[in-house]
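Asker: Following is a predicted model, sequence given first.
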Amino acid sequence: MDDLKVLKANISACSICVKSLPLGPRPVIQISQRSRILIAGQAPGKKVHQSGIPFDDPSGDRLRQWLGVDKHSFYDANKFAILPMGFCYPGSGKSGDLPPRTECIDTWREQVLSSLKNIELTLVIGKYAMSYHLPKADKTLTNVVRNWQQYWPNIVPLPHPSPRNNIWLKRNPWFEQDLLPSLKEKVSQTIARQD
């Protein structure tokens with residue numbers, strides 16, 4: 001059994017923060033040694049916790065639209081690694097889901113990232129992923145995303161694709177006009193090199 005398979009099995013059996021998870025542990029990740037694009041997200045929502053499939057919700061529909069890919073490509077671990085900051089549903093608070101639990105970062109993140117040797121493009125989604133993957137960046141999500149070319153071509157910061165961000169998208173039309181066409185082309189080129 002290779003190291004990544006052992007790591008995936010250990011993550012699947014993880015119960016470090018079981019007492020803090022309202023629905024119990026159910027780590028949701030997608031990784032392969034051949035993965036080319038890393039999606040660094042936040043944490044699974046309730047629907048994803050129930051299905052066990054990452055981005056199996058309206059946020060995933062929007063994200064796939066942003067990337068210009070269908071479900072078949074998106075769920076091909078040889079193309080996309082999906083590694084949220086927290087692997088399990090953290091529960092909900094007053095204004096949506098709670099932040100990702102930090103135990104996943106402390107216990108697993110570096111091990112997984114060091115095992116993904118073929119990543120060419122990292123999509124950093126939302127403020128929690130930005131804090132980890134872009135620690136020196138401006139703390140304002142809008143400013144980080146607006147300055148996406150600063151991280152190009154290996155990293156692309158994105159807002160969360162949640163329907164809760166519809167107002168943000170309306171206020172920032174440059175995102176769909178300027179960033180998304182470049183992102184779709186980059187994703188297409190990266191996938192084509194693998195095929």
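Answerer: Now that the structure is in, tell me what you want to look at.
Asker: For Ser20, give me its contacts.
Answerer: Pro90, Arg101 (CB atoms under 8 Å, 6 or more residues apart in numbering). For every residue, glycine as well, the C-beta is placed using N, CA and C.
Asker: State the distance from it to Glu103.
Answerer: Ser20 is 8 Å from Glu103, where distance means CB to CB, to the nearest Å.
Asker: One more: Ser12?
Answerer: The spacing between Ser12 and Glu103, counted by CB to CB, is 15 Å.
Asker: How about Glu176?
Answerer: Remark: distance between Glu176 and Glu103 (CB to CB) = 35 Å.
Asker: swap in Gly86?
Answerer: From Gly86 across to Glu103, the span is 8 Å (CB to CB).
Asker: neighbour-wise, which of the two wins?
Answerer: More neighbours sit around Gly86 than around the other of Gly86 and Glu103, counting by other CB atoms under 10 Å; the figures are 24 against 15.
Asker: would the more buried one count as being in a strand?
Answerer: No - counting by DSSP: H, G, I helix; E, B strand; the rest coil, Gly86 is not part of a strand but coil.
Asker: contacting residues for it?
Answerer: With CB under 8 Å, 6+ apart as the criterion, the residues that contact Gly86 are Gln42, Ala43, Pro44, Pro99, Pro100, Arg101, Thr102, Glu103, Cys104, Ile105, Tyr128.
Asker: who touches the nearest residue to the fourth one once chain neighbours are set aside in this structure?
Answerer: By that I understand Pro99. Sequence neighbours aside, Tyr128 is the residue nearest to Pro99 in space, at 6.1 Å (criterion: CB to CB, 6 or more residues apart in numbering). Counting by CB under 8 Å, 6+ apart, Tyr128 touches Gln42, Ala43, Met85, Gly86, Pro99, Pro100.
Asker: buried stuff in the helix or strand hosting Val6?
Answerer: Under the criterion DSSP states H and E, the helix or strand holding Val6 is helix 3-12. For helix 3-12, a neighbour-count test (16 or more other CB atoms under 10 Å) marks Leu4, Leu7, Lys8, Ile11 as buried.
Asker: For Leu21, the count of nearby residues, please.
Answerer: When neighbours are defined as other CB under 10 Å, Leu21 has 18 of them.
Asker: what's the spacing between stretch 89-103 and its chain's center?
Answerer: 15 Å (CA atoms, centre = their mean, to the nearest Å).
Asker: and the helix or strand bottoming out on mean pLDDT in the chain, what does it pack onto?
Answerer: Least confident helix or strand of the chain, by mean pLDDT, DSSP states H and E, is strand 96-97 with a mean of 88. Contact here means 3 or more CB pairs under 8 Å, 6 or more residues apart in numbering; DSSP states H and E; on that basis strand 96-97 packs against no helix or strand.
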